[in-house]
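**Q** from the sequence below, what's the structure:
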Amino acid sequence: MMNSMNVPFKRSTLERKLDKLILALFGTLFMMCLIGAIGSGIFINQKYYYLGLDKGVAAEFNPSNRFVVAALTFFTLITLYSTVIPISLYVSIEMIKFIQSTQFINKDLHMYHAETNTPALARTSNLNEELGQVEYIFSDKTGTLTRNLMEFFKCSIGGEVYGSGVTEIEKGAAQRNGIKIQELRKSATAIQEKGFNFDDHRLMRGAWRNEPNSDTCKEFFRCLAICHTVLPEGDESPEKITYQAASPDEAALVTAAKNFGFFFYRRTHTMIHVRESCVEKMGKIQDVAYEILNVLEFNSTRKRQSVVCRYPNGRLVLYCKGADTVIYERLASGNDDLKKVNRAHLEQFGSAGLRTLCLAYRDLGPETYESWNEKFIQAKSSLRGRETKLDEVAELIEKDLILIGSTAIEDKLQEGVPACIETLSRAGIKVWVLTGDQMGTAINIAYACNLINNEMKQFIISSETDAIREVENRGDQVEIACFIKEEVKKQLKKCLEEAQHYLHSAPGPKLTLVIDGKCLMYALDPTLRVMLLNLSLNCTSVVCCRVSPLQKAQVTSMVKKGARKITLSIGDGANDVSMIQAAHIGIGISGLEGMQAVMASDFAIAQFRYLTDLLLVHGRWSYLRICKVIAYFFYKNLTFTLTQFWFTFQTGFSGQRFYDDWFQSLYNVIFTALPVIIVGLFDKDVSASLSKRYPELYKEGIRDAFFKWRVVVTWACFSVYQSLVFYHFVITSSASGKNSSGRMLGQWDISTMAFTCVVITVNLRLLMICNSITRWHYISVGGSILAWFMFIFVYSVLRENVFFVIYVLMSTFYFYLTVLLVPIVALFGDFIYLGIQRWFFPYDYQIVQEIHRHELDDNTSAGSPEVGSQRTPQEEGNPLPREISRHTGFAFDSPGFESFFAAQLGIYAPHKAWDVARRASMKSKPKMPQRN
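**A** As a prediction, this is how the structure comes out:
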């Protein structure tokens with residue numbers, strides 16, 4: 001609760017830009033109406049006697065009051081030009097996004113986790129296209145990058161390390177350094193079970209009694225067996241009992257105590273029952289009941305848990321376990337050698353990628369405990385500030401602790417995480433890891449994930465320095481805070497100067513920042529936040545360790561608001577909820593820590609590696625599709641409205657409509673509605689496999705290449721051109737046109753012919769922007785044009801002003817010639833533009849299209865992906881079925897690929913138009929794959 005945030009309402013960046021486009025369209029509507037109103041006020045004049053503008057004429061046509069005429073005309077034109085505002089756009093986009101989420105993302109078998117029977121889940125459809133523009137990913141470690149299957153692996157008791165295993169992280173580090181590690185054989189005393197992967201004969205089966213620090217070992221095991229909130233279930237036997245714990249760590253620690261001979265088997269409201277073996281003598285087993293007097297629970301601020309218990313002999317003991325930073329602050333003075341040795345062991349465990357906890361205890365006198373317990377009861381019963389008061393009371397007793405040792409738990413990486421992070425990095429996405437683990441563990445996990453490598457320059461900002469420890473030993477909190485803040489400021493300034501130096505040197509190494517939670521607390525201060533942000537943005541990766549959930553959210557918000565970059569947070573536990581809600585997109589992993597993260601997320605997946613499909617495939621496709629839908633809606637509405645606008649100039653700005661009311665009403669609803677939805681659902685520039693094979697394609701979404709104002713202006717220019725063609729070509733060519741009875745064509749004949757040309761052209765224009773054309777495109781485009789003719793055939797029989805208009809027009813050769821030539825002339829400019837753009841200024845995806853244009857397309861459907869991300873070896877043996885797509889939609893051939901490959905290598909090489917043209921002139925026979 002202390003780290004919780006208000007649930008935000010999220011809208012995509014594209015939607016916000018769409019709002020600005022709509023405002024621009026309102027401005028365009030206002031200007032068009034203003035021009036018409038001014039023109040009306042100027043045009044209206046009594047000299048046009050044939051208009052009958054004498055006395056007694058209506059106010060909107062009264063020449064003696066031009067201001068009223070202009071004002072009334074302004075409002076008339078608002079209704080006439082209102083089609084420029086694409087009201088149906090929002091409905092279409094929501095429909096497309098909903099289908100994308102429910103049919104494509106939710107049903108993608110390559111984001112389905114068979115082991116847990118968990119498919120991907122889109123919990124909102126607002127952010128589909130946002131998935132295609134993510135630049136920063138903030139990830140938790142435990143349960144997100146790792147499996148969250150905790151195993152007790154090593155420990156340090158009284159200054160001695162126990163446990164002989166080798167972790168995956170150690171194997172990976174040795175492999176990087178060219179060292180081969182021999183597999184160690186398990187000893188005869190080794191026990192392998194869920195949560196316990198420990199091997200050391202010195203502690204197993206009562207052998208700990210022979211150790212020189214046997215009393216410390218006994219305190220260590222009792223701390224594991226007593227200091228927890230685990231609930232036992234099932235039979236009270238070591239083989240059949242199961243433990244229900246708040247976290248896998250606690251279950252692993254209690255399981256370890258059981259295997260060391262301290263079997264916790266029963267819990268009541270006030271008692272914990274432990275079956276202890278070999279305590280008094282070898283082979284002797286005794287059941288001991290410990291009275292639990294107080295439980296000081298763990299939270300993300302305290303980072304520790306304590307239990308006050310009473311032994312059967314009356315001994316009062318406080319057992320405490322927690323992060324090394326908080327335990328060391330509360331240790332009693334003296335015994336410095338043990339503290340130093342244990343700290344070295346913690347660093348050793350961290351370098352092996354293990355999760356560490358420190359264990360300590362304190363003997364309490366009856367008077368001391370009774371005095372403290374009264375304060376505890378008062379704090380627990382208070383109605384206001386209860387949590388704060390409990391923390392303050394806990395501080396009174398959690399001091400002068402005696403260090404017992406530390407535990408080391410292994411949490412293995414999820415499958416496919418390193419390859420996924422490497423792919424995301426190639427896509428231009430920066431991954432930050434925010435974890436509660438100590439620095440050594442976090443760094444080595446980052447190495448194992450390919451987040452950090454030896455070629456990178458590392459900036460490490462840590463509070464574990466000799467100078468800071470010396471100040472902390474004095475105990476003055478004000479002095480400690482001031483000193484650490486000043487040290488953090490110096491480190492940030494130094495690192496930022498070095499980073500700028502490396503960035504200006506060519507070629508400079510990639511940079512990475514590692515910072516711990518204590519330093520981060522001061523770095524997030526408003527006076528240092530900008531410096532931290534500048535340093536972080538210059539780094540390829542950032543690792544924040546020993547951070548609280550609130551700090552995770554603060555770091556995410558810093559990048560989201562400070563850098564104005566699109567962010568994604570991914571986590572699996574309740575401590576990740578604030579971070580998930582703070583980012584533009586929140587991803588919840590349905591793991592072993594409950595469903596809090598999933599319930600707070602926008603999308604849910606089962607494994608981190610599925611981010612490759614979610615972002616590079618679904619996100620990229622959604623962004624591309626929605627951009628096309630918005631641009632096309634803008635184009636077709638503006639084109640249609642401008643034909644009416646040009647007509648206004650020939651009607652004395654009177655507000656006379658060019659088209660019939662029903663033409664205007666059904667234009668967006670029936671005649672142009674379905675094709676654009678089909679494009680929003682099924683259009684693909686490249687297949688899913690190529691999207692992951694060339695992750696650099698994702699950078700176009702990060703740059704927002706398909707929805708810049710330049711793109712909008714280009715579409716607007718073509719709208720103006722086409723509307724002029726529709727209006728003036730039809731008007732001019734029909735000036736001498738006659739129907740079959742010898743009569744001249746009237747207004748409704750011309751407007752019906754112009755509307756026919758508009759419907760045909762805008763639907764055909766849609767096909768020109770499609771990268772892949774399926775039968776659904778043909779059905780929707782052909783069906784929309786056919787729907788117009790079916791409508792006008794029936795409507796012209798029922799409506800008086802257009803009575804039999806279509807039948808009269810279709811009886812003339814002029815109609816067929818116009819319907820054929822006008823769309824060709826209108827689309828000719830688009831055709832030339834698209835050709836030049838594809839030949840000389842191609843997008844990256846167009847280059848990939850040309851590289852693979854002679855290959856069989858491995859598409860299973862036009863909308864759903866066909867290849868799984870980071871497929872396991874078992875999955876690799878089962879190739880997916882392929883279906884040949886007969887239509888590619890690639891209208892132009894551009895063999896100039898040099899700049900694209902150069903970009904993949906990090907080298908800038910501009911396109912050479914002459915080289916592209918020269919290569920295009922070379923005739924090459926396409927190599928088709930042979931079929932058996």
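**Q** residue boundaries of the helices in the stretch 351-500 of the chain?
**A** With DSSP state H, counting those that start in this stretch as the criterion, the stretch 351-500 of the chain has helices at 366-381, 386-397, 417-426, 439-448, 466-474, 477-504.
**Q** again but with the stretch 201-350 of the chain, I slipped
**A** So, for the stretch 201-350 of the chain - with DSSP H, counting those that start in this stretch - the helices run 214-226, 248-259, 324-329, 336-351.
**Q** helices or strands up against the first one?
**A** For helix 214-226, the contact count by 3 or more C-beta pairs under 8 Å, 6 or more residues apart in numbering; DSSP states H and E identifies strand 151-157, helix 248-259, strand 262-267, strand 271-277, strand 316-322, strand 355-364, strand 402-410 as packing neighbours. The C-beta positions use only the backbone N, C-alpha and C, and glycine is treated the same way.
**Q** okay, buried residues for that helix please.
**A** 216, 217, 218, 219, 220, 221, 222, 223, 224, 225, 226 (16 or more other C-beta atoms under 10 Å).
**Q** nearest to residue 79 among these?
**A** Among these, residue 224 lies closest to residue 79 (C-beta to C-beta), at 77.9 Å.
**Q** nearest to residue 427, out of the helices of the stretch 201-350 of the chain?
**A** It is, among these and with distance given as C-beta to C-beta, helix 336-351, at 30.3 Å.
**Q** need the CA coordinates for the closest one. PDB is fine.
**A** Only the C-alpha atoms of helix 336-351 are listed here, as PDB (Å, rounded to 0.1, in the frame of the first residue of the first chain):
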ATOM      1  CA  ASP A 336      34.200  -6.700  12.700                       C
ATOM      2  CA  ASP A 337      36.000  -9.700  11.300                       C
ATOM      3  CA  LEU A 338      32.900 -11.700  10.900                       C
ATOM      4  CA  LYS A 339      31.100  -8.800   9.300                       C
ATOM      5  CA  LYS A 340      34.000  -8.300   6.800                       C
ATOM      6  CA  VAL A 341      34.200 -12.000   6.000                       C
ATOM      7  CA  ASN A 342      30.400 -12.300   5.500                       C
ATOM      8  CA  ARG A 343      30.300  -9.200   3.300                       C
ATOM      9  CA  ALA A 344      33.000 -10.800   1.100                       C
ATOM     10  CA  HIS A 345      30.800 -14.000   1.000                       C
ATOM     11  CA  LEU A 346      27.800 -11.900  -0.100                       C
ATOM     12  CA  GLU A 347      29.900 -10.400  -2.900                       C
ATOM     13  CA  GLN A 348      31.000 -13.900  -3.900                       C
ATOM     14  CA  PHE A 349      27.300 -15.100  -3.900                       C
ATOM     15  CA  GLY A 350      26.300 -12.100  -5.900                       C
ATOM     16  CA  SER A 351      28.900 -12.600  -8.500                       C
END
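**Q** related to what we said a few turns ago, which of the helices of the stretch 351-500 of the chain is buried the deepest?
**A** helix 439-448 (a mean of 24; mean count of other C-beta atoms under 10 Å).
**Q** any chance you could list what contacts that one?
**A** Here helix 439-448 makes contact (C-beta atoms under 8 Å, 6 or more residues apart in numbering) with 141, 145-146, 168-169, 172-173, 176, 346-347, 349-356, 413, 418, 433, 435, 437, 452-453, 460, 462, 464, 512, 514, 516, 541, 543-546.
**Q** stretch 455-470 too?
**A** If you take C-beta under 8 Å, 6+ apart as the criterion, stretch 455-470 is touched by 325, 439, 452, 480, 483-484, 487-488, 491-492, 495, 498-499, 502, 509-516, 518-519, 523, 535, 539-541.
**Q** tell me, what residue is most central in the chain?
**A** Closest residue to the average C-alpha location of the chain: residue 568 at 3.5 Å, with C-alpha atoms, centre = their mean.
**Q** of the buried residues of helix 214-226, which is the nearest to residue 369?
**A** Of the buried residues of helix 214-226, the one sitting nearest to residue 369 (C-beta to C-beta) turns out to be residue 226, at 16.1 Å.
**Q** how far away is the spatially closest residue to residue 322 that is not a sequence neighbour from residue 574?
**A** Closest residue in space to residue 322, ignoring its immediate chain neighbours: residue 304 at 2.6 Å, by C-beta to C-beta, 6 or more residues apart in numbering. Distance of residue 304 to residue 574, given as C-beta to C-beta, to the nearest Å: 18 Å.
**Q** which of those two has more neighbours?
**A** Higher neighbour count among residue 304 and residue 574: residue 304, with 23 against 19, using other C-beta atoms under 10 Å.
**Q** quick one: contacts for the more buried one?
**A** Residue 304 makes contacts with 298, 320, 321, 322, 323, 326, 327, 398, as judged by C-beta under 8 Å, 6+ apart.
**Q** just the buried positions in the lengthiest helix in the chain, please.
**A** As assigned by DSSP state H, the longest helix anywhere in the chain is helix 13-43. For helix 13-43, the neighbour count (16+ other C-beta under 10 Å) marks 13-15, 17-18, 21-22, 25, 28-29, 32-33, 35-37, 39-41, 43 as buried.
**Q** show me what it is packed up against.
**A** So helix 13-43, by 3+ C-beta pairs under 8 Å, 6+ apart, packs with helix 66-81, helix 620-648.
**Q** least reliable of these going by mean pLDDT?
**A** Note on the helices and strands packed on helix 13-43: lowest mean pLDDT is at helix 66-81, with a mean of 88.
**Q** list the buried residues in that helix.
**A** Within helix 66-81, the residues that qualify as buried by neighbour count (16+ other C-beta under 10 Å) are 66, 69, 70, 71, 72, 73, 74, 76, 77, 78, 80, 81.
**Q** again, but for stretch 661-681
**A** Neighbour count says stretch 661-681 has 663-664, 666-668, 671-681 buried, by 16+ other C-beta under 10 Å.
**Q** end-to-end on it?
**A** End-to-end distance for stretch 661-681, by C-alpha to C-alpha, to the nearest Å: 31 Å.
**Q** burial count for the residue nearest to residue 17 when sequence neighbours are not counted?
**A** Spatially, and ignoring its direct neighbours in sequence, residue 17 is nearest to residue 707 (6.3 Å; C-beta to C-beta, 6+ apart). Neighbour count for residue 707, taken as other C-beta under 10 Å: 23.
**Q** with the one 10 residues further on instead?
**A** A count of nearby residues for residue 717, using other C-beta under 10 Å, gives 12.
**Q** wait, is it part of a helix?
**A** Yes: under DSSP: H, G, I helix; E, B strand; the rest coil, residue 717 falls within a helix.
**Q** for the helices of the stretch 351-500 of the chain, which one sits closest to residue 851?
**A** helix 417-426 (16.9 Å).
**Q** give me the angle between the closest one and helix 439-448.
**A** 70 degrees (axes from the mean of the first three to the mean of the last three C-alpha atoms, to 10 degrees).
**Q** please enumerate residues in contact with helix 417-426?
**A** The contact list for helix 417-426 (C-beta under 8 Å, 6+ apart) reads 137, 145, 431, 448-451, 540, 608-609, 611-612, 615-616, 692, 695-696, 869-870, 904.
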